[in-house]
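1. Have a look at this prediction, sequence included:
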Amino acid sequence: MLNTPVVVEVTNLTRTFGSRTVIDNLSFTIHRGETLVIMGGSGCGKSTLLRHIIGVMKPTAGSVKIFGEEITTMNDRQIEEIRRRFGMLFQSGALLASLTVGENVALPLLQHTDLTIDEVDETVTQKLQMVGLSGFNELKPSEISGGMRKRVGLARALALDPELLFSDEPTSGLDPIMTAVVDKLTLELTKDEGMTAVVVTHDMTSAFRIATRMIMLGRGKILAQGTPEEIRTHPDPEVQQFINGEADGPMPLNLSQDDHEHHPHVKARPLVSARRRFHHKMP
Ligand SMILES: Nc1ncnc2c1ncn2[C@@H]1O[C@H](COP(=O)(O)OP(=O)(O)O)[C@@H](O)[C@H]1O
Ligand SMILES: [Mg+2]
């Protein structure tokens, strides 16, 4: 796989927000036809990294080349031009609320091609079918579930048959069956049509199902990278903790109060009851 041409080259990429370094001197390459899965804990900089690769954010230092061209110094028009060659599924889905599902998927086709309305319609129908949403064209984003919105976002990202697809947590919010549908689609696109996929996920089932290579991020750096087999057997306990979803291990747990309240095994203890317990002990 690594003998194929380089489509993305990240070199010494650094991004700081204030005094915090979110991406710390990262370097790696992505090769044509591979499915690179990028994993790592919440807030470790996965989405930020994708935003830099697609040119939405400018780095503090370093370089990103996409299809051989430096994207970090491109102006908006040049970025718009190169965007025709890749699709992006944002973590939120990022649909336009005022447009229907079908119109959202049609958008890149109307912007970037000379297809007739009938041809646009046909492509929209085909892409929605690919993500298991036939017949939903006329609904508004607010009328469908979060998981469906995500799949509409995927259909839109695929509208122009991109040679390179970035997906930010494409399966979060999807049930296991829909996750399998999306994973199968990724596998088909990368196999038959030679698409390159870069998928950010913390769904380990999905990650190991689709990845040809994996990168695990932590503290702004690459903690581990390799084939799924190399990651599965990686000696670093932090990597093992992550891929096995263990609560105990070297990776710090940063559950907020909100997370605790929604966690099935952790009962939040309101301050009042703590005070009551305290008072009970008082003579
Ligand atoms: N525009 C921004 N300004 C300030 N901090 C940001 C900005 N974007 C992201 N961050 C910070 O960078 C860190 C990584 O965020 P993100 O890339 O969204 O993480 P992940 O996608 O891995 O969950 C977070 O701590 C986040 O608060
Ligand atoms: Mg993210």
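-> Great, that's in hand. As the structure is a computational prediction, the values presented were derived from the model and not from experiment. Ligands and ions are numbered 1, 2, ... in the order given.
2. Could you pull up the residues touching the residue nearest the centre of the chain?
-> Most central in the chain under Cα atoms, centre = their mean is Asp168, positioned 1.3 Å from the mean C-alpha point. By Cβ atoms under 8 Å, 6 or more residues apart in numbering, the contact set of Asp168 is 46-47, 50, 88-91, 200. C-betas here are computed from N, CA, C, even on glycine.
3. Just give the number of residues close to the single nearest residue of the stretch 1-150 of the chain relative to ligand 2.
-> Relative to ligand 2, the nearest point of the stretch 1-150 of the chain is Ser47 (3.2 Å; Cβ to the ion). Neighbours of Ser47 under the rule other Cβ atoms under 10 Å: 18.
4. again with Arg20
-> 8.
5. helices or strands next to the longest helix seen in the chain in the packing?
-> Assignment by DSSP state H gives helix 176-192 as the longest helix of the chain. Packing partners of helix 176-192 (3 or more Cβ pairs under 8 Å, 6 or more residues apart in numbering; DSSP states H and E): strand 35-39, helix 146-157, strand 164-168, strand 196-200, helix 204-210.
6. again, only this time at 6 Å
-> On a contact count with 3 or more Cβ pairs under 6 Å, 6 or more residues apart in numbering; DSSP states H and E, helix 176-192 meets helix 204-210.
7. Mind listing residues that contact the helix it packs on?
-> The contact list for helix 204-210, computed with Cβ atoms under 6 Å, 6 or more residues apart in numbering, reads 35, 37, 39, 171, 179, 183, 186-187, 201, 228, 243.
8. Quick check: buried residues in that helix?
-> Residues 204, 206-207, 209-210 are the ones in helix 204-210 that count as buried (16 or more other Cβ atoms under 10 Å).
9. Stretch 117-136 now?
-> Using 16+ other Cβ under 10 Å as the burial criterion, the residues of stretch 117-136 that qualify are 120, 123-124, 127-128, 130-131, 133, 136.
10. so which of the contacts of Asp168 comes closest to Ala224?
-> Minimum distance to Ala224 across those is 14.4 Å, recorded for Lys46 (Cβ to Cβ).
11. Quick check: bridge partners of the nearest residue to the closest one once chain neighbours are set aside?
-> Once flanking residues are discounted, Lys46 sits nearest to Val200: 4.5 Å by Cβ to Cβ, 6 or more residues apart in numbering. In this structure, Val200 bridges to Ile38, Asp168 when assessed by DSSP bridges.
12. could you check the angle helix 146-157 makes with the longest helix of the chain?
-> 10 degrees (axes from the mean of the first three to the mean of the last three Cα atoms, to 10 degrees).
13. residues making contact with helix 176-192?
-> In contact with helix 176-192 (Cβ under 6 Å, 6+ apart) are residues 35, 132, 170-171, 195, 197, 206, 209-210.
14. Among these, give me the pair with the biggest separation.
-> Farthest pair in the contacts of helix 176-192 (Cβ to Cβ) is Thr35 and Gly132. Separation: 19.9 Å.
15. in this structure, which helix or strand is least confident?
-> Every helix and strand in the chain was compared by mean pLDDT, DSSP states H and E; the lowest is helix 257-262, with a mean of 43.
16. those strands in the chain, which residues are they?
-> In the chain, the strands defined using DSSP state E lie at 6-17, 20-31, 35-39, 61-66, 69-70, 86-89, 164-168, 196-200, 213-218, 221-226.
17. which of the residues in the last one are buried?
-> Of the residues in strand 221-226, 222-226 count as buried by neighbour count, 16+ other Cβ under 10 Å.
18. Counting by contacts, list what it packs against.
-> On a contact count with 3+ Cβ pairs under 6 Å, 6+ apart, strand 221-226 meets strand 213-218.
19. Now look at the strand it packs on and say if it contacts ligand 1.
-> No - judged by Cβ under 6 Å from any ligand atom, strand 213-218 and ligand 1 are separated, with a smallest distance of 7.2 Å.
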